[in-house]
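Participant: Sequence plus predicted model, see below.
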Amino acid sequence: MKNTDKLSDLSNEELMKKLKVAKTIYVVFFAVFIIMLATCLYLTYSQGFSVFTMLPICFIPIMIANIMSYGKVREEARSRKLM
């Protein structure tokens, strides 16, 4: 998410909307990551090492960025006592 340093400038309604979007992105990406991990493990087991084996490792930084972004928005909502 861009403008994460500007979360304090958002109104309560905008912050809650941003929280809902961040949570949706977080959940969907996590589900896709788990499916990709399971598929890659299956392909590695059945066909051996390939380029698909490395895909989950390449997506770990994106997963970490999503977790941190969601955490920042959630902390701002908690500091305003909206959650």
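Facilitator: Cool, the structure landed.
Participant: Now do stretch 56-65: distance to the chain's middle.
Facilitator: With Cα atoms, centre = their mean, to the nearest Å as the basis, the distance from the averaged C-alpha position of stretch 56-65 to the chain average is 9 Å.
Participant: what do you get for stretch 40-48?
Facilitator: 25 Å.
Participant: for stretch 37-55, same thing?
Facilitator: On the basis of Cα atoms, centre = their mean, stretch 37-55 is displaced by 22 Å from the centre of the chain it belongs to.
Participant: what's the span of it, first residue to last?
Facilitator: Terminal residues of stretch 37-55 are spaced 8 Å apart (Cα to Cα, to the nearest Å).
Participant: which other helices and strands contact the helix ranked longest in the chain?
Facilitator: Criterion DSSP state H: the longest helix present in the chain is helix 12-47. Counting by 3 or more Cβ pairs under 8 Å, 6 or more residues apart in numbering; DSSP states H and E, the packing neighbours recorded for helix 12-47 are helix 55-79. In short, each C-beta sits where N, CA and C put it, glycine included.
Participant: now the helix it packs on and helix 12-47, what's the angle there?
Facilitator: Relative orientation of helix 55-79 versus helix 12-47 (axes from the mean of the first three to the mean of the last three Cα atoms, to 10 degrees): 160 degrees.
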